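Trainee: I'll drop the sequence and a predicted model, then ask my questions.
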Amino acid sequence: KRVPADWSHGIACYSSVDLERWRNEGIVLHNSDVRGLGGEVASSSGWVMERPKVLFNARTGLFVMWFHLERSRSYSLNAAGVATSSTPCGR
């Protein structure tokens, strides 16, 4: 099922204690919270954010999310996005 891109979407988080049963933790990084190079906001269709990875930085005590960031499906930006949080689900 395709979900239309809009400002209410972003990167979702799922958690599991046994890797069999999963819990939807919801959107942890919203399109509207992301700023591009130079502070630009997304167009009305939102950012394209793909392939997120979350790591824990023991030195800072923060969880760091890295992801591929694009303005649109034309893939002309080719940027890496970075977000930090004190919890793995961004809350």
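Mentor: Here it is on my side, so go on.
Trainee: okay, CA-based contacts and neighbour counts for the rest of this
Mentor: Noted.
Trainee: So which residue is smack in the middle of this protein?
Mentor: Central residue of the chain (C-alpha atoms, centre = their mean): residue 11, 3.9 Å from the mean position.
Trainee: bridging residues for that one?
Mentor: residue 29 (DSSP bridges).
Trainee: And the pLDDT at it?
Mentor: On pLDDT, residue 11 comes in at 91.
Trainee: now swap in residue 29 and tell me
Mentor: Here, the pLDDT recorded for residue 29 equals 90.
Trainee: since we're on it, how many residues are nearby?
Mentor: Residues contacting residue 29 under the criterion other C-alpha atoms under 10 Å number 20.
Trainee: Same check on residue 47?
Mentor: Neighbours of residue 47 (other C-alpha under 10 Å): 25.
Trainee: so what's the residue lying closest to it once chain neighbours are set aside scoring on pLDDT?
Mentor: Among residues not flanking residue 47 along the chain, residue 71 sits closest, at 5.2 Å (C-alpha to C-alpha, 6 or more residues apart in numbering). Listed pLDDT for residue 71 reads 79.
Trainee: need the helices for this structure, in chain order.
Mentor: Along the chain, no segments are classed as helices by DSSP state H.
Trainee: In it, where is pLDDT below threshold?
Mentor: The model of the chain has pLDDT under 70 over residues 1-8, 42-45.
Trainee: Can you tell me how far residue 64 is from residue 52?
Mentor: From residue 64 over to residue 52 the distance is 10 Å, taken as C-alpha to C-alpha, to the nearest Å.
Trainee: Good, we can wrap up now.
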